[in-house]
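K.L.:
Build the 3D model from these lines:
(one chain, ligands or ions: 1)
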Amino acid sequence: MSDLTSGGSSAADHEESTRRYYESGDVDAFYDAVWGGEDIHVGVYAHPHEAIAGASHRTVQHAADRVADLLGPDATVLDLGSGYGGSARALAERFGCRVVAVDLSEEHNRRHRAANTRRGLDGLIEVVTGSLNHLPYEAERFDVVWSLEVLCHVEDRDGALAEAVRVLRPGGALVFSDIMAAEETPARAIRPALSRLGVQSLATPSSYLETLSALGLKSDFEDRSADLATHYARLEQEVRGRTPELRGAISPAYLDDLLANLPLWTDITRRGLLRWGLFHARRTASRSPGAERRPASPTAGRPDPAAGAH
Ligand SMILES: C[S@@+](CC[C@H](N)C(=O)[O-])C[C@H]1O[C@@H](n2cnc3c(N)ncnc32)[C@H](O)[C@@H]1O
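P.N.:
Numbering: from 1, shown residues only. Sure thing, here's the model as predicted:
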């Protein structure tokens, strides 16, 4: 896989590098052909040979089950790093709720809006170009904040979680999945994963639980690391088994990168060096101090009026 390590060191450089990575045509072609082009996250597998797209969709429904009590036509979800919008559409269709979907990538947002239009969901889903580190929303606006496999791309994860909690209403829920390091894993042992994700380090389950507790949330972690190993084994099988067909859709350099790197991911996930699972955290029903704080930045992450809603 391509290395998206940033040349510069600032958060803005890092975001730009992430955005460029996700907007490369090869990445889209890979996600379309191998992942199903709807959900871009680790699947919850019913069996080890299951189709990747079906398992990835099960992840969405599984996460949605955890917050189903909060969702209905009057509720609004904020989806951070919404990708092609698989989660946003599934939530809007299942619960009739509104979804505000924020992603850095214009290309993902363009595809996301087009899919919403095809499914008649424009009226429920607002797609916004911006960064989850600078949310241009007032405090306590959302019933549920949702984010599947995005924080592993972000250097300031504590800041991102603080922003997510700031915009969550008292009694609301934060639900997210992420690829993490196992507690004792040294960075050198997971170098291919760090390089692919463009970050210096990964969170661990306990580091997230500590951050959530410090933010005043009651949280639990469902460890589904076995699904991560299955997922990378399935990606490797698909790319190896379908190489001739994929050569028509993906550039030779990107495909060769995939063929070289996926086995490294399969190996480090099989050896238990990475973790994956679902966090479910709730804000207490009373207001927390600082909830009235203004959005973090008056300019950064402002919704793109041209891209705007839908
Ligand atoms: C692995 S994909 C997951 C997409 C989607 N959550 C899903 O599950 O299908 C990661 C997404 O996060 C977005 N992303 C990465 N860093 C971001 C940031 N700082 N703010 C907003 N979006 C970001 C990328 O553009 C990409 O669409």
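K.L.:
Only the buried residues of stretch 244-256, if you could.
P.N.:
Within stretch 244-256, the residues scored as buried using 16 or more other Cβ atoms under 10 Å are 246, 249, 250, 254, 255. To be clear about C-beta, it is placed using only N, CA and C from the backbone, and glycine gets the same treatment.
K.L.:
which one in the protein is furthest away from the centre?
P.N.:
Among the C-alpha atoms of the chain, the one most distant from their mean position (Cα atoms, centre = their mean) is that of residue 244, at 29.7 Å.
K.L.:
Just the element for it, please.
P.N.:
Taking DSSP states H and E as the criterion, residue 244 maps to helix 243-246.
K.L.:
what about the residue of the stretch 1-150 of the chain at minimum distance from the ligand, how many neighbours?
P.N.:
With Cβ to the nearest ligand atom, the shortest gap between the stretch 1-150 of the chain and the ligand falls at residue 83, namely 2.6 Å. Using other Cβ atoms under 10 Å, residue 83 has 25 neighbouring residues.
K.L.:
Make 48 the starting number, not 1.
P.N.:
Got it, first residue is 48 now, which makes that one residue 130.
K.L.:
Can you tell me which helices and strands whichever strand or helix holds residue 243 packs against?
P.N.:
Assignment of secondary structure by DSSP H and E places residue 243 within helix 238-244. If you count contacts as 3 or more Cβ pairs under 8 Å, 6 or more residues apart in numbering; DSSP states H and E, helix 238-244 packs onto helix 299-317.
K.L.:
can you tell if the helix it packs on touches the ligand?
P.N.:
No. Helix 299-317 is not in contact with the ligand by Cβ under 6 Å from any ligand atom; minimum separation 13.6 Å.
K.L.:
Could I get the buried residue list for that helix?
P.N.:
Those would be 301, 302, 304, 305, 308, 309, 310, 311, 312, 313, 315, 316, for helix 299-317 by 16+ other Cβ under 10 Å.
K.L.:
Closest to the ligand out of those?
P.N.:
Among the buried residues of helix 299-317, and counting by Cβ to the nearest ligand atom, the member closest to the ligand is residue 312, at 13.6 Å.
K.L.:
looking at it, that closest one is touching residue 279, isn't it?
P.N.:
Yes. Between residue 312 and residue 279 there is a contact at 4.5 Å, judged by Cβ atoms under 8 Å.
K.L.:
what helices or strands is the helix or strand of the chain with the lowest mean pLDDT leaning on?
P.N.:
Lowest on mean pLDDT, DSSP states H and E among the helices and strands of the chain sits helix 58-69, with a mean of 75. On a contact count with 3+ Cβ pairs under 8 Å, 6+ apart, helix 58-69 meets helix 153-165.
K.L.:
Can you check what angle separates the helix it packs on from helix 58-69?
P.N.:
Interaxial angle, helix 153-165 versus helix 58-69 (axes from the mean of the first three to the mean of the last three Cα atoms, to 10 degrees): 60 degrees.
K.L.:
pLDDT on helix 153-165, on average?
P.N.:
Taken as a whole, helix 153-165 carries a mean pLDDT of 96.
K.L.:
which helices and strands sit right next to it?
P.N.:
Using 3+ Cβ pairs under 8 Å, 6+ apart: helix 153-165 touches helix 58-69, helix 133-142, strand 145-150, strand 172-176.
K.L.:
Could you rerun that using 7 Å?
P.N.:
strand 172-176 (3 or more Cβ pairs under 7 Å, 6 or more residues apart in numbering; DSSP states H and E).
K.L.:
The strand it packs on to helix 153-165, inter-axis angle?
P.N.:
170 degrees.
K.L.:
Neighbouring strands - and their directions - for strand 172-176?
P.N.:
Partners of strand 172-176 in the sheet, by DSSP bridges, are strand 145-150 (parallel).
K.L.:
Could you export the partner strand as PDB, CA atoms only?
P.N.:
Listed next in PDB are the C-alpha coordinates belonging to strand 145-150 (Å, rounded to 0.1, in the frame of the first residue of the first chain):
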ATOM      1  CA  ARG A 145     -30.600  12.800  10.300                       C
ATOM      2  CA  VAL A 146     -26.900  12.400   9.800                       C
ATOM      3  CA  VAL A 147     -24.200  15.000   9.400                       C
ATOM      4  CA  ALA A 148     -21.300  13.400   7.700                       C
ATOM      5  CA  VAL A 149     -17.800  15.000   7.900                       C
ATOM      6  CA  ASP A 150     -14.900  13.900   5.800                       C
END
